[in-house]
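Q: structure of the sequence below:
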Amino acid sequence: MIQEIEPAELASARDRDNWAIVDVREDWERDVAQLEGSINIPLGDLMARINEVPRDQNVAVLCHSGMRSAQATQFLNNSGLEAVYNIVGGIDRWSTDVDPSIARY
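A: Sure, this is the predicted structure:
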């Protein structure tokens, strides 16, 4: 079972805790909408680039709707990372619940 975090909960936690956001969407998706400060590692590249995922922070994984990020979260958990959370609803939900200035697509 993967750990999940709601967008609003993460937005609040980012202000007080040490969080990294790994965005597993494709570059064209990030061109449309992105979270400032996130680390872009498309899902297809994650296995080869796992060393870019911070191990000294809580990690929240982001995609468009939460499906790819759930896969990435499971992969990272299976690779030994423990403090990894799937962002429920992805950037689409982030734009409705946290920051409406982020474009929806």
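Q: now the longest helix that the chain contains - C-alpha only, CSV.
A: Assignment by DSSP state H gives helix 67-78 as the longest helix of the chain. Extracted in CSV, the C-alpha atoms of helix 67-78 (Å, rounded to 0.1, in the frame of the first residue of the first chain):
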residue,chain,number,x,y,z
MET,A,67,-2.1,7.5,-11.7
ARG,A,68,1.5,7.7,-13.0
SER,A,69,2.6,9.2,-9.7
ALA,A,70,1.1,6.2,-7.9
GLN,A,71,3.2,3.9,-10.1
ALA,A,72,6.3,6.0,-9.4
THR,A,73,5.6,6.0,-5.7
GLN,A,74,5.3,2.2,-5.6
PHE,A,75,8.6,1.9,-7.6
LEU,A,76,10.4,4.2,-5.2
ASN,A,77,9.0,2.3,-2.2
ASN,A,78,10.2,-1.0,-3.7
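Q: contacts for the helix or strand bottoming out on mean pLDDT in the chain next, please.
A: Least confident element among the helices and strands of the chain, by mean pLDDT, DSSP states H and E: helix 7-16 (a mean of 92). Contacting residues not belonging to helix 7-16 are listed as 5, 19, 21, 58, 60, 85, 87-89, 93-94, 97-99 [CB atoms under 8 Å, 6 or more residues apart in numbering]. The C-beta positions use only the backbone N, C-alpha and C, and glycine is treated the same way.
Q: got those residues as TSV, with pLDDT and distance to A11 columns?
A: As requested, those are arranged in TSV below (pLDDT from 0 to 100; distance: CB to CB, whole Å):
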residue	pLDDT	distance to A11
I5	98	10
W19	96	10
I21	98	11
N58	96	13
A60	98	10
Y85	98	13
I87	98	10
V88	98	12
G89	98	13
R93	98	11
W94	98	8
D97	97	8
V98	97	5
D99	97	8
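Q: kind regards, and thank you for your time.
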